[in-house]
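Student: Got a predicted model here, sequence first, then my questions.
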Amino acid sequence: MGHGQYLRDLLAPLGVYRWEGSFQWSELQSEGAALDQVAQELAHIRQEMNLYTAREEGLQGVLDLLGRTAGEEDLEDLRQTAAALLRIGENSFTLAAMNDTLRGCGIPAQVAETGDPLKVTVTFPGITGIPANFFQIQKLIEGILPCHLQVQYQFAQE
């Protein structure tokens, strides 16, 4: 049922309108059509405001704010990346939180502590040698990890 019919049903109990053969029903239909368009636009905005349902400008806006660009990742991966980046907060300096964020962003890396509290080691489990597109991955990792940490990279030998 559209908004035009809703308006008619709302006004009918008053008994002051003649619906057949008058302009009143046509007027309500045109007003209802305008309200239907507003409702459709609001539904789209509501969809784009929620990270888990966003598909277009809402998701792109979040990624832009977080300094990420939508690459070749599919929609669900982009949502997971945005959610992982948004989880970064006051408790994100823990080892578990850093690894969770890297995993959530689809980065095949793992952070480990060293004996020095200002250094961490990043490894790439399951990947021998230097990963393809390492410089992109390095930029993402260093954008996620706290800036006060010195990052050392270790690569598995073949």
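Tutor: Received it, and whenever you're ready, just let me know what you need.

Student: all helices for the chain, in order.
Tutor: 3-11, 23-49, 57-65, 75-86, 95-104, 134-144 (DSSP state H).

Student: Please dump those helices into a markdown table; it should also carry mean neighbour count and distance to residue 120 for every row.
Tutor: For the C-beta atoms, the positions are set from N, CA and C on the backbone; glycine is no exception. A markdown table is the format used below for those (neighbours: other Cβ atoms under 10 Å; distance: least, Cβ to Cβ, whole Å):
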| stretch | mean neighbour count | distance to residue 120 |
| --- | --- | --- |
| helix 3-11 | 15 | 57 |
| helix 23-49 | 13 | 36 |
| helix 57-65 | 16 | 25 |
| helix 75-86 | 18 | 18 |
| helix 95-104 | 17 | 8 |
| helix 134-144 | 15 | 10 |
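
Student: Any chance of a markdown table for those, columns mean pLDDT and distance to residue 110?
Tutor: Conversion of the helices of the chain to a markdown table gives the following (pLDDT from 0 to 100; distance: least, Cβ to Cβ, whole Å):
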| stretch | mean pLDDT | distance to residue 110 |
| --- | --- | --- |
| helix 3-11 | 91 | 54 |
| helix 23-49 | 92 | 34 |
| helix 57-65 | 85 | 24 |
| helix 75-86 | 83 | 15 |
| helix 95-104 | 85 | 6 |
| helix 134-144 | 88 | 11 |
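
Student: just so I know, which of these lies nearest residue 117?
Tutor: helix 95-104 (11.8 Å; Cβ to Cβ).

Student: related to what we said a few turns ago, so can I have a markdown table of the helices of the chain showing distance to residue 113?
Tutor: Conversion of those to a markdown table gives the following (distance: least, Cβ to Cβ, whole Å):
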| stretch | distance to residue 113 |
| --- | --- |
| helix 3-11 | 60 |
| helix 23-49 | 38 |
| helix 57-65 | 30 |
| helix 75-86 | 20 |
| helix 95-104 | 6 |
| helix 134-144 | 15 |
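
Student: quick check: longest strand of the chain.
Tutor: Determined from DSSP state E, the single longest strand within the chain is strand 119-128.

Student: tell me which residues in that strand are buried?
Tutor: For strand 119-128, the buried set under the neighbour-count rule, 16 or more other Cβ atoms under 10 Å, comprises 120, 122-124.

Student: which two from the residues you listed end up farthest apart in space?
Tutor: Using Cβ to Cβ for every pair in those, the one that comes out farthest apart is 120 and 124, at 13.9 Å.
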